[in-house]
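Participant: requesting a structural model of the entry that follows:
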Amino acid sequence: MSLRTKAQNERLLLSLIGFVALACHEQRPVSVADRKGMIHVTGGVFRMGTDDGFAYEGPIHEVELSSYWLDEHEVTVADFARFVAATGWVTDAERLGWSGVFDFEAGEWRRVDGVNWRMPRAPGVEAAPDEPVTQVSFADAARYAEWCGKRLPTEAEYEFASRAGRDGAKYAWGAELVPSGRHLANLWQGAFPEQDLGLDGFVGVAPVKSFPANAWGFFDLVGNVWEWCADAYEPDYYLSSPRRDPRGPASTGERSIRGGSFLCSENFCRGYRVAARNHTPDDSGLDHLGFRCAADDEPSR
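Facilitator: Numbers count the residues shown, from 1 in each chain. Okay, the predicted model is just below:
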């Protein structure tokens, strides 16, 4: 998932620099005004995971979640630009001077110099304001969330919102990937990595809200770009995770990511399943990896 090179230690150092800045700001409750563009999720009990997938996606286990708030769509380039303008934040990819880009013609990942959140695919080629911001590390995403008075969602919160009450469903909308021939998420159609047929209307990233919202009003919790979660990643975490509000294991150097992306196909990754989970090093910056924010519910008064 990540391009690991001899620059790994340098990139890790840059991530730590970001976390030092983050630690200097105490998390504050998100205000009512800040909740514009967020949806309130009433907590409850659901069955998380799957026994019909990769080993690290199971076993199915019962989870009880407190109520929380979640952004209705991914953080956009325009959103991130406002954050940078207000704080002067410099992302890890900008500090390092390069990041990972998927080369559609070659069908493989490449290290590309000069790419960053403004120009995620090639130097000089700017991202559209309404597309999900990418080429952001975990530290970059966490700092943005803190600036907003929010946080990153946990894996459990992400899956609960993605399922939207559909217990046992394979996909966010039901049992079929393309019901009645209708494409409901930005995925890869065709054999990966040879050719993306673009039957869903896009080859590569799509603007946010290009596909229908799920039953709870969330856009792109499946497909478009993978999204950072707050949890450190551990393949067998489900075997010992707490029943109530699980938040992941102690730091492992990798983070869980959720939702799949435009690179997920039926012959590769299948990250668009609601129980699908993946992982990447904290310092990853890639052009198919973004995030959205969550917030705790207001305490009772």
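
Participant: going forward, measure contacts and count neighbours with C-alpha atoms only.
Facilitator: OK.

Participant: I'd say Asp236 and Tyr56 touch.
Facilitator: Yes. Here Asp236 reaches Tyr56: they are 5.9 Å apart, a contact under C-alpha atoms under 8 Å.

Participant: what about these two, which has more around it?
Facilitator: Tyr56 (18 against 13; other C-alpha atoms under 10 Å).

Participant: that one - nearest residue in space that isn't next to it in sequence?
Facilitator: Take Tyr56 and drop its neighbours on the chain: the residue closest to it by C-alpha to C-alpha, 6 or more residues apart in numbering is Pro235, 4.8 Å away.

Participant: near that neighbour, how many other residues are there?
Facilitator: Other residues lying near Pro235 total 15 when counted by other C-alpha under 10 Å.

Participant: then the one 3 residues further on?
Facilitator: By the other C-alpha under 10 Å criterion, the neighbourhood of Tyr238 contains 20 residues.

Participant: now do the SS call for it.
Facilitator: helix (DSSP: H, G, I helix; E, B strand; the rest coil).

Participant: list the residues that contact the residue nearest to Tyr56.
Facilitator: 55-57 (C-alpha atoms under 8 Å, 6 or more residues apart in numbering).

Participant: just the closest of these to Trp98, please.
Facilitator: Minimum distance to Trp98 across those is 30.9 Å, recorded for Tyr56 (C-alpha to C-alpha).

Participant: next up, phi/psi of the residue positioned nearest the centre of the chain, please.
Facilitator: The C-alpha lying nearest the average C-alpha coordinate of the chain belongs to Glu227 (C-alpha atoms, centre = their mean; 0.4 Å). Main-chain torsions, Glu227, degrees, to the nearest 10: phi -130, psi 140.

Participant: distance of the closest residue to it other than its chain neighbours from Val125?
Facilitator: Excluding the flanking residues, the one nearest Glu227 by C-alpha to C-alpha, 6+ apart is Phe291, at 4.3 Å. Counting by C-alpha to C-alpha, to the nearest Å, the separation of Phe291 from Val125 is 21 Å.

Participant: the more surrounded of these two?
Facilitator: Phe291 (29 against 11).

Participant: which element, helix or strand, includes the nearest residue to Trp147 once chain neighbours are set aside?
Facilitator: Distance criterion C-alpha to C-alpha, 6+ apart; nearest residue to Trp147, sequence neighbours excluded, is Phe83 at 7.6 Å. Using DSSP states H and E, Phe83 maps to helix 77-87.

Participant: give me the distance from the helix or strand following that helix to the chain's centre.
Facilitator: Sequence-wise, the next helix or strand downstream of helix 77-87 (DSSP H and E) is helix 92-96. Put simply, helix 92-96 sits 20 Å off its chain's centre (C-alpha atoms, centre = their mean, to the nearest Å).

Participant: just stretch 289-301 next, same as before
Facilitator: 14 Å.

Participant: in stretch 54-69, what counts as buried?
Facilitator: Using 16 or more other C-alpha atoms under 10 Å as the test for burial, stretch 54-69 gives 56-61, 63-65, 67-69.

Participant: among those residues, which are in strands?
Facilitator: 61, 63-65, 68-69 (DSSP state E).

Participant: tell me the one among the residues you listed nearest to Glu298.
Facilitator: Tyr68 (8.4 Å).

Participant: can you pull the contacts of the closest one?
Facilitator: Residues near Tyr68 by C-alpha under 8 Å, 6+ apart: 40-43, 294-297.

Participant: redo that, cut-off 7 Å
Facilitator: The contact partners of Tyr68, taken as C-alpha atoms under 7 Å, 6 or more residues apart in numbering, are 40-42, 295-297.

Participant: just among those residues, which is most surrounded?
Facilitator: Counting neighbours by other C-alpha under 10 Å, Ala295 leads the contacts of Tyr68 with 26 neighbours.

Participant: looks to me like it is in a helix.
Facilitator: No. Counting by three-state DSSP, Ala295 is located in no helix; its state is strand.

Participant: who does it bridge with?
Facilitator: Note on Ala295: beta-bridge partners by DSSP bridges are Trp69.
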